[in-house]
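1. got a sequence here, can you build the structure:
(one chain, ligands or ions: 1)
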Amino acid sequence: MADPQTYPARVDLPGTLGAALLRALRGQCPRCGEARLFRKWLKPVDRCPQCAQDWSAQQADDFPAYIGIFVVGHLLAPVVIAMIGSYGMSAWLTLAIILPVAVAMLLAMLQPVKGGVIAFLWWFGIGGFVQERRAEDINKP
Ligand SMILES: [Zn+2]
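-> Below is the predicted model of the structure:
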């Protein structure tokens with residue numbers, strides 16, 4: 001397997017953090033954007049088959065779940081308040097409706113969010129990653 005440091009010119013590195021995040025949110029390798037980042041639902045590939053980036057070094061841990069809970073909570077809190085406050089629904093009925101919706105939203109966003117966290121860690125060289133930039137971006141002010 002090729003060492004990612006040996007072939008920097010062959011890889012189309014993202015120019016910005018936003019570009020790296022966008023690739024990862026789509027489930028693609030944030031470094032090259034040409035191969036899948038995940039081999040299972042939340043399990044990243046050990047090494048990118050296209051650019052040989054070692055993704056086993058990622059340490060996203062529980063952070064994607066925290067982000068998911070934060071986002072889903074903030075999206076559904078006004079809905080819960082409206083259901084109980086404005087429509088006068090009982091707390092049990094509200095819970096029966098909101099709980100499956102919240103679980104479905106969280107499960108749907110977990111993989112893209114984990115990809116985003118991995119892209120963030122890689123972009124800033126956090127943990128086991130080495131920070132990389134395109135040659136044309138290195139000398140920018
Ligand atoms: Zn790659």
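
2. burial of Ile84, as a residue count?
-> Residues within reach of Ile84, counting by other C-beta atoms under 10 Å, total 14. C-beta here means a position set from N, CA and C on the backbone, and glycine is covered the same way.

3. equivalent analysis for Leu37, please.
-> Using other C-beta under 10 Å, Leu37 has 25 other residues around it.

4. I figured it hits Gly116, correct?
-> No: counting by C-beta atoms under 8 Å, Leu37 does not reach Gly116; the two are 10.4 Å apart.

5. shared neighbours of the two, anything?
-> Common neighbours of Leu37 and Gly116, using C-beta atoms under 8 Å, 6 or more residues apart in numbering, are Ala24.

6. which residues touch Leu76?
-> Counting by C-beta under 8 Å, 6+ apart, Leu76 touches Ile98, Val101, Ala102, Met105.

7. what pLDDT does the nearest residue to the last one once chain neighbours are set aside get?
-> Nearest-residue entry for Met105: Val72, 4.9 Å, with adjacent residues in sequence omitted and distances by C-beta to C-beta, 6 or more residues apart in numbering. The predicted structure scores Val72 at 97 on the pLDDT scale.

8. and Glu136, by the same measure?
-> Listed pLDDT for Glu136 reads 78.

9. the ion versus that one, what's the distance?
-> Counting by C-beta to the ion, to the nearest Å, the gap between Glu136 and the ion amounts to 19 Å.

10. related to what we said a few turns ago, list buried residues within the contacts of Leu76.
-> Listed as buried from the contacts of Leu76 are Ala102; burial here means 16 or more other C-beta atoms under 10 Å.

11. what is the nearest of the contacts of Leu76 to Leu13?
-> Met105 (32.4 Å; C-beta to C-beta).

12. one step back: filter the contacts of Leu76 down to just the ones in helices.
-> Cross-referencing the contacts of Leu76 against helices under DSSP state H gives Ile98, Val101, Ala102, Met105.
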